[in-house]
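Peer 1: structure for this input, please:
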Amino acid sequence: MTEFGSITSFDRSAGRGTITPEMGGAALSFRTSDLAVTSVAPVAEQRYGYDVRKAGDGKSYAINLRQQNK
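Peer 2: Sure thing, here's the model as predicted:
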């Protein structure tokens, strides 16, 4: 199920960022490889749709991030 949130931060050199869910909850981490379009870096406060994946360590991560129009 697609969820929506706003980019909180993105560090291109580290290849990592965070997104804050619109429906509340803790910010989720993501990697550059999780972006649908990797040629354009996300910017703080941009709205993205994403899916959630639980890792073996029990943490949730954002995957399949797609930029949305406001």
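
Peer 1: tally of neighbours for the nearest residue to residue 52 once chain neighbours are set aside?
Peer 2: For residue 52, the nearest residue in space outside its immediate sequence neighbours is residue 60; the separation is 5.2 Å by C-beta to C-beta, 6 or more residues apart in numbering. For the C-beta atoms, the positions are set from N, CA and C on the backbone; glycine is no exception. Residue 60 has 14 neighbours, counted by other C-beta atoms under 10 Å.

Peer 1: residue 60 pairs with what?
Peer 2: Note on residue 60: beta-bridge partners by DSSP bridges are residue 54.

Peer 1: buried residues of stretch 15-31, list them for me.
Peer 2: Residues of stretch 15-31 classed as buried under the neighbour-count rule (16 or more other C-beta atoms under 10 Å) are 17-19, 21, 27-30.

Peer 1: phi, psi of residue 34?
Peer 2: Reported as degrees, to the nearest 10, the phi and psi values for residue 34 are phi -90, psi -10.

Peer 1: what sits against the closest residue to it other than its chain neighbours?
Peer 2: Take residue 34 and drop its neighbours on the chain: the residue closest to it by C-beta to C-beta, 6+ apart is residue 63, 4.7 Å away. By C-beta atoms under 8 Å, 6 or more residues apart in numbering, the contact set of residue 63 is 30, 34, 50-53.
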